[in-house]
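In: For reference, the sequence and a predicted model appear below.
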Amino acid sequence: MPELPEVEVVRAGLAPAVTGARIASVTVFDERSLRRHPGPLGDFVERLTGRRMLAAVRRGKFLWLPLESLPGEPEAIVAHLGMSGQVLLRAMDAVDPLTRIRLELTHPQHGDLRLNFVDQRIFGSMAIDDLVPTTDGEPGGAGYSAALVPTKVAHIARDPLDAAFDDSVFFARLARKNVGIKRVLLDQTLISGIGNIYADESLWAARIHYEQPAASLSRARARSLLAEVRLVLTRALAEGGTSFDAQYVNVNGASGYFSHSLNAYGQHGKPCPRCGRNIRRDSFMNRGSHFCAFCQRMRAPR
DNA sequence: AGCGAGCCCTGCGCGC
DNA sequence: TGCGCGCAGGGCTCGC
C-alpha cells in the first residue's frame, strides 16, 4: 500500500508491536524480496535472528526498523512496499498467501506474533542497511527522534508532513525544473511520499494541469499546490488511506476509506465534482493521469 | 546533468 | 469457457 498515508498507517500500526520486541526467527520464502539486501539470504537471517528492534520510522514511502546495535554502528531493517506490499501482524499460527518474508517476534509485554511481509508483485523489498546521520541534524523520519537515516533513504527528500521539510528549498528547486509538475511531485528526491493517486488529487484540488512546466508556476500557485498536497495527504491519513481492494490494508488487514473521497484518481468518465464535465484519463509516464480538462488547463507562465 | 524509457514482477478484469 | 491484452498505488538504472 504505497503512498505516504498508507505507509504511515502501517508504521503507526507496527510501532507498538515492534518497539522493544526481539526477532526470534526469520524465514525468507522468496529471495527476490531481498533484492536490495547487500548480501546473501543467509546473511539476512543470521544478522536479524535474536536482534531487538527499537522503533518503526517512516520517511515518504520508506519504512525502517532501527535495530539494537553496537555503539557507532547503527543499523535498521529497511522495508519498501513497492506497488503491492503489505505488513501484517498475526497470531503465531496464521498463514497469509504471498508471504515473502516472515519475522517471528517476541515482545516483553505483548507476547509472540508473526510479522508477515506480503507482496504480490515483488516490487517491494526488505534489507539490512546502515544508519547515517541526517545532514540537517533533524530526526530521520516520523516515529523516532534519532537524527539517523538508512543509506538507501538518505537521497530521498523529506515528506511534506515532516516538520523539518523546508518549503523554501522545495520552491527553489521547483523553479529550476522545466518538466511537467506531476513529474516533480512524483520525484522522491524533491518531495517524498506522493504517488500517482495523491499527485492527481492534489493537482485537481489546485486546478493545475499535470504537464504544466514546474518552473512556469507562480510562487503563489506553487504555494497553493503544496498546501493542497498537505491537505490531501492529511485527509487520506485520517481515513486510514486509500484501498481499492483487499490488497491495500493496515497491519490488521483492514481497508482504508479514502477511495470514497477521490475527486480525480480513477474517476475518468464521471463528472468533475467541481464543474460537472467528465474527468479524463491520459497516459503519462506509462501510467494514468486523471484530471478535469476544464478546471485544470495549461497556463502561460507568470 | 537532467530527463525519459525500460525494466523489475504477478494477478485481475475485460473484450473477443 | 478460454485466452490475450491492458491495467495496477513504485523506483532503480541506463542511455541520450
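Out: Good, I have the coordinates. Computed from a prediction, not measured in an experiment: that's the story for all the values here. Numbering: from 1, shown residues only, chains lettered A, B, ... in the order given.
In: longest single helix anywhere in chain A?
Out: Ranked by residue count under DSSP state H, the longest helix found in chain A is helix A:219-238.
In: Now it: average pLDDT?
Out: Here helix A:219-238 scores 97 as its mean pLDDT.
In: Stretch A:137-147 too?
Out: Per-residue pLDDT values across stretch A:137-147 average out to 98.
In: likewise stretch A:66-75?
Out: For stretch A:66-75, the per-residue pLDDT values average out at 95.
In: What lies in contact with that stretch?
Out: A:48, A:51-55, A:57, A:76-77, A:128-131, A:144, A:146, A:148 (C-beta atoms under 8 Å, 6 or more residues apart in numbering). For every residue, glycine as well, the C-beta is placed using N, CA and C.
In: Next, the distance between the ends of it.
Out: Distance across stretch A:66-75, first residue to last, is 6 Å (C-alpha to C-alpha, to the nearest Å).
In: quick one: contacts for residue A:289?
Out: Going by C-beta under 8 Å, 6+ apart, the list of residues near residue A:289 reads A:182, A:200, A:210, A:281, A:282, A:283.
In: so which of the residues you listed is the most crowded?
Out: Neighbour tally across these (other C-beta atoms under 10 Å): the maximum, 30 neighbours, falls on residue A:200.
In: Pretty sure it sits against residue A:296.
Out: No - counting by C-beta atoms under 8 Å, no contact exists between residue A:200 and residue A:296, whose distance comes to 9.8 Å.
In: list the residues that contact both of these two?
Out: With contacts defined as C-beta under 8 Å, 6+ apart, the residues shared by residue A:200 and residue A:296 are residue A:210.
In: before we move on, the earlier item: turn the contacts of residue A:289 into a markdown table, columns for distance to DNA strand B, pLDDT and secondary structure.
Out: Conversion of the contacts of residue A:289 to a markdown table gives the following (distance: C-beta to the nearest atom of the strand, whole Å; pLDDT from 0 to 100; DSSP: H, G, I helix; E, B strand; the rest coil):
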| residue | distance to DNA strand B | pLDDT | secondary structure |
| --- | --- | --- | --- |
| A:182 | 10 | 96 | helix |
| A:200 | 17 | 97 | helix |
| A:210 | 12 | 96 | coil |
| A:281 | 14 | 94 | strand |
| A:282 | 13 | 93 | strand |
| A:283 | 10 | 90 | strand |
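In: Quick check: which of these are also close to DNA strand C?
Out: On the criterion C-beta under 7 Å from any atom of the strand, residue A:283 are the entries of the contacts of residue A:289 that sit beside DNA strand C.
In: As JSON lines, the contacts of residue A:289 with distance to residue A:2 would be great.
Out: What follows is those, written out as JSON lines (distance: C-beta to C-beta, whole Å):
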{"residue": "A:182", "distance to residue A:2": "16"}
{"residue": "A:200", "distance to residue A:2": "14"}
{"residue": "A:210", "distance to residue A:2": "19"}
{"residue": "A:281", "distance to residue A:2": "19"}
{"residue": "A:282", "distance to residue A:2": "21"}
{"residue": "A:283", "distance to residue A:2": "20"}
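In: before we move on, back to that, what are the buried residues along the longest helix of chain A?
Out: Judged by neighbour count using 16 or more other C-beta atoms under 10 Å, the buried positions of helix A:219-238 are A:221, A:222, A:224, A:225, A:226, A:228, A:229, A:232, A:233, A:236, A:237.
In: returning to what we had before: and the two most separated of the contacts of stretch A:66-75?
Out: Comparing every pair within the contacts of stretch A:66-75 by C-beta to C-beta identifies A:48 and A:146 as the most remote, at 19.4 Å.
In: between the two, which one's more packed in?
Out: residue A:48 (20 against 17).
In: show me where chain A has strands.
Out: Counting by DSSP state E, chain A has strands at residues A:22-28, A:57-59, A:62-67, A:75-80, A:85-90, A:99-107, A:111-119, A:125-133, A:148-150, A:280-284, A:287-291.
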